[in-house]
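Enquirer: Curious how this folds, go ahead:
(2 chains)
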Number of protein chains: 2
Amino acid sequence: MARSKADFTSLQEFQESGDRVYLSHLSVDCVIFGFHENSLKVLLLKWKNGPWCLPGGFVKHKESIDQSAIRTLKERTGLAEIFLKQFYAFGDPDREKGKRHEGTWIGKRFVTIGYYALVDYSQVFPEPDLLSSECKWWDVDNVPELIYDHNQIMSKALEALRLSLNDHPVGYNLLPEKFTMPQLQKLYETILNEALDRRNFQKQMISLDVLIRLKERKTGGAHKAPFLYRFDKRKYDKAMKQGLRLSF
Amino acid sequence: MARSKADFTSLQEFQESGDRVYLSHLSVDCVIFGFHENSLKVLLLKWKNGPWCLPGGFVKHKESIDQSAIRTLKERTGLAEIFLKQFYAFGDPDREKGKRHEGTWIGKRFVTIGYYALVDYSQVFPEPDLLSSECKWWDVDNVPELIYDHNQIMSKALEALRLSLNDHPVGYNLLPEKFTMPQLQKLYETILNEALDRRNFQKQMISLDVLIRLKERKTGGAHKAPFLYRFDKRKYDKAMKQGLRLSF
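Expert: So this is what the prediction gives:
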């Protein structure tokens, strides 16, 4: 949950009559995970003189909730063209403990819809909006205390990201175009935060049928050169759309 | 999306001032799948002199969205103690095509949060509420045209149910306490609507580590008596909570 001032001339006007532009009781929050070189981070904003939070905002009367998540993320952090996946709605009536602005639309109860994305954090350049003093990446294992239930929202997003590895391939736009099986394994291990068995991993990955093994091998290492792979983009996109399935 | 009159003396009063009791812009809809003897059905309500729809309702100011789904399902169909799983929020601004009651809170745009459940339909006894003329099970492959985007909500719930087989065990409360591997396979085949390889299925199921093979075998058949299994309830509950994982 957060405030966008784009359609108002002052914060006070926004607080008093934001429901002219936005639906009441409904917000969106974005959990942006960043991967780069075997480290997993999450993007957080810091209110000016206030706590850290997830980048979030409200739903305009004529936009879809998906559009509002995309717009909000762009307005608040500068990140554009990010594929956001809706993962859960948080609707506990007491989720916004310590909320202010009583008596205004913004002080009322909000149900928030969570979206997540996984990006290469070396490729995006977040910038705080006017309401925030900082916008930066935190290690997922070491996030500060966030506003309201935002720690819980982040945990649930991480759980959704991890479970998504059962249903959908991961790695496109996160790995170089050509990569080795150990590089792919490192990505999975970083997301799951655990070591995986090398042979079993390779067998599972090949059974997903989204990889093409190239004729060339990686060069330059001291050991036997490992095979290079790339994603079969057509099969990868199909699996992203339809979902993978346990090979019963 | 649907109307509950419980806190109002007339439908007109509900239409005019329902937002005294309920949050505006937010509804819940329940997709109740029923399994029994290799057939998969879905529970639908019919408006008096109107279309068929999913059982749904609104969120009271002081209740969680999960509580509102449970209450709504009970008020509208009589079904109680059903484990509902939230699966998606539907937030297209045009999702309620042909909606009436313009100018009232109920005529405004609603984002609806979808919940699903899978029950043994021979064990529950749905009853329509005062607003509905019928409440009955339909084959999932043969549902009528539903109000608004409810056909799409049902399809998305079926997709979520099918994908959930990757992450979570299924069968408890749907199969007899002791069951054979072919009975379990039939359940999966019915949900997935496709035939599965017997040996591969058995191997996958055993690898999930939620089954206990009993010493006794099923008797009475003409062929060699198959083994009986039951769920290890502790492991089953743990897997329901934490999620299964592809065995990397």
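Enquirer: in stretch A:183-202, what's buried?
Expert: Across stretch A:183-202, burial judged by 16 or more other CB atoms under 10 Å in any protein chain shown covers A:183-191, A:196, A:201-202. Where C-beta positions appear, they are placed from N, C-alpha and C, glycine not excepted.
Enquirer: Centre of the chain to the longest strand along chain A, how far?
Expert: Looking across chain A with DSSP state E, the single longest strand is strand A:22-36. Between the centre of strand A:22-36 and the centre of its host chain there is 9 Å, according to CA atoms, centre = their mean, to the nearest Å.
Enquirer: Can you name every helix or strand that it contacts?
Expert: With contacts taken as 3 or more CB pairs under 8 Å, 6 or more residues apart in numbering or on different chains; DSSP states H and E, strand A:22-36 sits against strand A:39-47, strand A:56-60, helix A:65-77, strand A:111-120, helix A:150-167, helix A:181-192, strand B:22-36.
Enquirer: Pairing partners for it, with directions?
Expert: Strand A:22-36 sits in its sheet next to strand A:39-47 (antiparallel), strand A:56-60 (antiparallel), strand A:111-120 (parallel), going by DSSP bridges.
Enquirer: Using a markdown table, lay out the ones you listed together with mean neighbour count, mean pLDDT and distance to residue A:240.
Expert: Putting those into a markdown table (neighbours: other CB atoms under 10 Å in any protein chain shown; pLDDT from 0 to 100; distance: least, CB to CB, whole Å) gives the following:
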| stretch | mean neighbour count | mean pLDDT | distance to residue A:240 |
| --- | --- | --- | --- |
| strand A:39-47 | 20 | 97 | 20 |
| strand A:56-60 | 25 | 97 | 25 |
| strand A:111-120 | 23 | 97 | 12 |
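Enquirer: out of those strands, which comes closest to residue A:74?
Expert: Smallest distance to residue A:74 across the strands paired with strand A:22-36 (CB to CB): 10.0 Å, for strand A:56-60.
Enquirer: how about that closest one as CSV, C-alpha atoms only?
Expert: The C-alpha coordinates for strand A:56-60 follow below in CSV (Å, rounded to 0.1, in the frame of the first residue of the first chain):
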residue,chain,number,x,y,z
GLY,A,56,2.7,-0.4,-4.0
GLY,A,57,-0.2,1.8,-4.9
PHE,A,58,-3.9,2.0,-5.8
VAL,A,59,-6.3,0.9,-8.6
LYS,A,60,-7.8,3.6,-10.8
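Enquirer: Report the inter-axis angle for that strand versus helix A:65-77.
Expert: Angle of strand A:56-60 versus helix A:65-77, following axes from the mean of the first three to the mean of the last three CA atoms, to 10 degrees, is 130 degrees.
Enquirer: Residues touching strand A:56-60, excluding its own?
Expert: By CB atoms under 8 Å, 6 or more residues apart in numbering or on different chains, the surrounding residues in contact with strand A:56-60 are A:1-4, A:18, A:21-23, A:26-30, A:65, A:68, A:71-72, A:75-76, A:112, B:91, B:111.
Enquirer: re earlier: the longest strand of chain A: which residues count as buried?
Expert: Buried residues in strand A:22-36, defined by neighbour count with 16+ other CB under 10 Å: A:22-35.
Enquirer: Please apply the same query to stretch A:74-84.
Expert: So, applying 16+ other CB under 10 Å, buried residues of stretch A:74-84: A:74-77, A:79, A:82, A:84.
Enquirer: Tell me the buried residues in the helix or strand bottoming out on mean pLDDT in chain A?
Expert: Among the helices and strands of chain A, helix A:11-17 carries the lowest confidence by mean pLDDT, DSSP states H and E, at a mean of 86. In terms of neighbour count (16+ other CB under 10 Å), helix A:11-17 has its buried residues at A:14-16.
Enquirer: Tabulate these (JSON lines), appending distance to chain B.
Expert: Listed next are the buried residues of helix A:11-17 as JSON lines, based on distance: CB to the nearest CB, whole Å:
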{"residue": "A:14", "distance to chain B": "18"}
{"residue": "A:15", "distance to chain B": "18"}
{"residue": "A:16", "distance to chain B": "18"}
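Enquirer: for those residues, which one is nearest residue A:119?
Expert: residue A:14 (29.1 Å).
Enquirer: Point out the residues in chain A that sit beside chain B.
Expert: By CB under 8 Å from any CB of the partner chain, the residues of chain A that approach chain B are A:23-26, A:59, A:61-66, A:68, A:86, A:88-89, A:91-93, A:109, A:111, A:113, A:159, A:162-163, A:165-167, A:188, A:192, A:196-197, A:200-201, A:204, A:243-248.
Enquirer: Residue A:211 against residue A:228, yeah?
Expert: No. Counting by CB atoms under 8 Å, residue A:211 does not reach residue A:228; the two are 10.4 Å apart.
Enquirer: Residue A:37: how many residues sit nearby?
Expert: When neighbours are defined as other CB atoms under 10 Å in any protein chain shown, residue A:37 has 9 of them.
Enquirer: what's the pLDDT at it?
Expert: pLDDT, residue A:37: 88.
Enquirer: and chain A, what are its domains?
Expert: Domain segmentation of chain A under automatic domain parsing yields A:11-166, A:181-242.
Enquirer: Distance from the chain centre to the longest one, please.
Expert: Relative to the centre of its chain, domain A:11-166 is centred 10 Å away, using CA atoms, centre = their mean.
Enquirer: Poorly predicted segments of chain A, please.
Expert: A:1-6, A:221-222, A:245-248 (pLDDT under 70).
Enquirer: mind checking how far the closest residue to residue A:152 other than its chain neighbours is from residue A:151?
Expert: Once flanking residues are discounted, residue A:152 sits nearest to residue A:90: 7.6 Å by CB to CB, 6 or more residues apart in numbering or on different chains. Separation of residue A:90 from residue A:151 (CB to CB, to the nearest Å): 12 Å.
Enquirer: Tell me, how many residues neighbour residue A:211?
Expert: 20.
Enquirer: Ok, residue A:97 next?
Expert: 9.
Enquirer: Repeat that for the one 4 residues further on.
Expert: Residues within reach of residue A:101, counting by other CB under 10 Å, total 12.
Enquirer: ditto for the one 4 residues further on
Expert: As a burial measure, the neighbour count of residue A:105 was computed by other CB under 10 Å and equals 19.
Enquirer: Pull the contacting residues for residue A:179.
Expert: A:171, A:228-230.
Enquirer: out of those, who's nearest chain B?
Expert: Comparing the contacts of residue A:179 against chain B with CB to the nearest CB places residue A:171 closest, at 14.2 Å.
Enquirer: Kindly check the end-to-end length of stretch A:117-135 for me.
Expert: 16 Å (CA to CA, to the nearest Å).
Enquirer: Show me the contact partners of that stretch.
Expert: With CB under 8 Å, 6+ apart as the criterion, stretch A:117-135 contacts A:2-3, A:5, A:30-36, A:41, A:43-49, A:55, A:75-79, A:82-85, A:136-137, A:161, A:170, A:173-174, A:191.
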